[in-house]
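# Predicted coordinates and the sequence they were generated for:
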Amino acid sequence: MQKVVKMLQADRFSALGFLRDSKAVAAVEFAMILPVMLVMFLGTVEFSMGVAANRKVTHVANTLSNLAAQSKYVGNADMTQFFAAANEVMTPYNTPPISQRISEVWLDPSTTPPTPRVMWSKSSTGSNLTPRGTGTSVNVPTALAVPGTYLIYSEVNFRYDVPASIGYVAHSTMNLGDVSYARPRYSLSVPFCTNVPSPPDPPTGCTTF
């Protein structure tokens with residue numbers, strides 16, 4: 001009888017000991033929350049990289065409009081340099097190549113409010129942003145729509161591909177884009193000239209303004 005009692009007591013103490021044993025609780029809890037932590041980490045990385053790429057797109061749009069606005073006139077060689085410089089600004093997010101377009105817009109005073117009409121338009125090589133047709137109407141913020149004035153209008157589109165190594169939370173592709181406006185710095189207008197000699201004085205084949 002005493003042996004039976006001792007056996008029951010031993011079993012009771014073993015069960016209590018098992019319930020009180022917390023040596024592996026931390027490991028079990030960590031194993032449970034690890035997937036959640038990884039998803040949150042990867043999501044944060046993806047979101048941060050997407051925000052950085054979007055900011056780059058904005059910088060590219062501003063760069064294009066500012067470079068063109070600081071010129072007295074521009075030609076094909078200038079456009080090539082502008083697009084190349086903007087592509088460097090996009091580094092390290094410049095793959096695939098960004099789509100860029102620069103246009104000069106005239107605010108036609110014959111209408112109320114003035115209609116923004118394209119004077120000339122150029123796009124980067126291989127861009128899916130084709131040049132706008134002369135006279136095409138575009139959208140300009142009301143605050144910038146001053147009759148009879150000119151604006152340099154730049155547009156940028158970029159397809160951001162989330163790296164495959166971390167593309168588990170966000171979409172694998174995000175289409176980013178932005179626009180920028182700038183007033184010509186040194187003249188009323190920045191004409192586009194088909195012939196800009198070196199030194200560039202005077203150019204020929206320029207758009208009328």
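Everything's here; your move.
# any weak-confidence spans in the chain?
For the chain, the stretches with pLDDT under 70 are 1-26, 39, 42-43, 45, 163-171, 200, 208-209.
# CA-only coordinates of stretch 81-92 in CSV, if you can.
Listed next in CSV are the C-alpha coordinates belonging to stretch 81-92 (Å, rounded to 0.1, in the frame of the first residue of the first chain):
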residue,chain,number,x,y,z
GLN,A,81,22.5,66.1,-71.3
PHE,A,82,19.4,67.0,-69.2
PHE,A,83,18.0,63.5,-69.4
ALA,A,84,21.4,61.9,-68.6
ALA,A,85,21.8,64.2,-65.6
ALA,A,86,18.3,63.4,-64.3
ASN,A,87,19.0,59.7,-64.8
GLU,A,88,22.0,60.0,-62.5
VAL,A,89,19.9,61.7,-59.9
MET,A,90,17.7,58.6,-59.9
THR,A,91,20.6,56.3,-58.9
PRO,A,92,20.4,53.6,-57.6
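# This protein: strands as residue ranges?
Remark: strands assigned in the chain by DSSP state E are 99-108, 115-123, 150-161, 173-182, 193-195, 204-206.
# who are the neighbours of the fifth one, in terms of helices and strands?
Under the contact criterion of 3 or more Cβ pairs under 8 Å, 6 or more residues apart in numbering; DSSP states H and E, the helices and strands touching strand 193-195 comprise strand 204-206. Every C-beta, even on glycine, is put in place using the N, C-alpha and C of the backbone.
# ditto for the second one
Based on contacts counted as 3+ Cβ pairs under 8 Å, 6+ apart, the elements that strand 115-123 packs against are strand 99-108, strand 150-161.
# Would you list the strands that the first one pairs with, along with their directions?
So the one you mean is strand 99-108. Strand 99-108 sits in its sheet next to strand 115-123 (antiparallel), strand 150-161 (antiparallel), going by DSSP bridges.
# How about residues contacting the shortest one?
Which is strand 115-123. If you take Cβ atoms under 8 Å, 6 or more residues apart in numbering as the criterion, strand 115-123 is touched by 76, 79, 99-108, 129-140, 145, 150-151, 153, 189, 191-192, 207, 209.
# now these: which count as buried?
Among these, those classed as buried by neighbour count (16 or more other Cβ atoms under 10 Å) are 79, 99-107, 129, 132, 138, 140, 145, 150-151, 153, 189, 191-192, 207.
# and the gap between the residue nearest to residue 96 when sequence neighbours are not counted and residue 176?
The shortest distance from residue 96 to any non-neighbouring residue, by Cβ to Cβ, 6 or more residues apart in numbering, is to residue 159 (6.1 Å). Counting by Cβ to Cβ, to the nearest Å, the gap from residue 159 to residue 176 is 8 Å.
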